[in-house]
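> fold the following and give me the result.
(one chain, ligands or ions: 1)
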Amino acid sequence: MMKLTMVGDSFVGKTSLALQFTQDFFPHDHKPTITDIETRVLNIEGQDVLFQIWDTAGQDKFRSLLPLYLRGVDGALLVYDVTKQDSFKNILTWISEVRKAASGNPVMALVGNKTDLKDYKCVTTQDGEQLASEQGMIFIETSAKSGHNVHQAFFEVGKEVLKRTKNGPGSTDFTDHVKVGDKDKNKRQSGCCS
Ligand SMILES: Nc1nc2c(ncn2[C@@H]2O[C@H](COP(=O)(O)OP(=O)(O)OP(=O)(O)O)[C@@H](O)[C@H]2O)c(=O)[nH]1
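Next up is the predicted model:
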């Protein structure tokens with residue numbers, strides 16, 4: 001079993017990603033999460049892995065609960081919305097929350113969600129890649145709505161957790177870390193939010 005926790009600002013799509021991955025379902029409405037746990041088995045390189053996905057609240061008023069959900073975590077998906085620059089800036093805060101609360105050396109993935117909203121994309125793929133590379137994180141862009149890269153995001157984190165379990169912490173070579181962005185969508189769009 002693998003414990004993964006989803007963190008990031010409210011409204012970036014954490015619940016939607018978890019539900020798309022575990023139930024092939026996209027919720028069109030937003031019900032602020034306090035906490036939810038979803039599960040799904042995925043075969044990674046011949047091994048059945050039970051993913052236990054802890055979906056946490058993005059809202060500030062629940063921030064004090066976060067350390068509870070990060071305890072003993074194997075991996076964390078730090079999610080931002082590619083159409084919301086603030087949600088990307090706040091990733092640094094989420095990174096320090098994870099590093100503070102999680103014991104050991106959890107695998108961290110930077111996930112830029114909502115890539116289907118092409119005309120409103122304002123966080124470029126290069127910005128995401130650069131931050132991930134500086135922080136030693138996997139990087140991937142997803143759309144919980146279309147399903148684009150959603151399974152891939154969880155799969156890559158799972159693969160990395162297995163690798164660290166086998167080879168010990170610090171075994172990751174992030175010079176070759178995963179980068180799955182929308183390569184042609186790097187330009188800031190005119191409708192960009194601030
Ligand atoms: N277009 C688009 N909308 C999305 C996508 N992912 C989520 N949404 C929408 O964004 C809104 C917020 O999604 P949630 O999954 O509830 O966000 P959250 O991060 O879990 O929010 P909190 O629980 O408040 O932390 C919902 O209306 C979703 O339908 C996506 O990939 N594309």
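
> up against the ligand, what does the chain have?
With the criterion set to CB under 6 Å from any ligand atom, the chain comes near the ligand through 10-16, 27-30, 32-33, 57-59, 113-114, 116-117, 143-145. Bear in mind the C-beta positions are built from the backbone N, C-alpha and C, glycine included.

> in helices only, show me the residues you listed.
Among those, the subset assigned to helices under DSSP state H consists of 14-16.

> dump those to a markdown table, plus distance to residue 102 and neighbour count.
As requested, those are arranged in a markdown table below (distance: CB to CB, whole Å; neighbours: other CB atoms under 10 Å):
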| residue | distance to residue 102 | neighbour count |
| --- | --- | --- |
| 14 | 17 | 28 |
| 15 | 21 | 22 |
| 16 | 23 | 24 |
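
> CA atoms only for stretch 90-97 - export them in PDB, please.
Taking C-alpha atoms only, stretch 90-97 is exported to PDB below (Å, rounded to 0.1, in the frame of the first residue of the first chain):
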ATOM      1  CA  ASN A  90       1.700  29.400  -3.400                       C
ATOM      2  CA  ILE A  91       3.300  26.000  -4.300                       C
ATOM      3  CA  LEU A  92       6.400  27.100  -2.400                       C
ATOM      4  CA  THR A  93       4.400  27.300   0.800                       C
ATOM      5  CA  TRP A  94       2.800  23.900   0.100                       C
ATOM      6  CA  ILE A  95       6.300  22.500  -0.400                       C
ATOM      7  CA  SER A  96       7.500  23.700   2.900                       C
ATOM      8  CA  GLU A  97       4.300  22.400   4.600                       C
END
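
> please consider this matter closed, and thank you.
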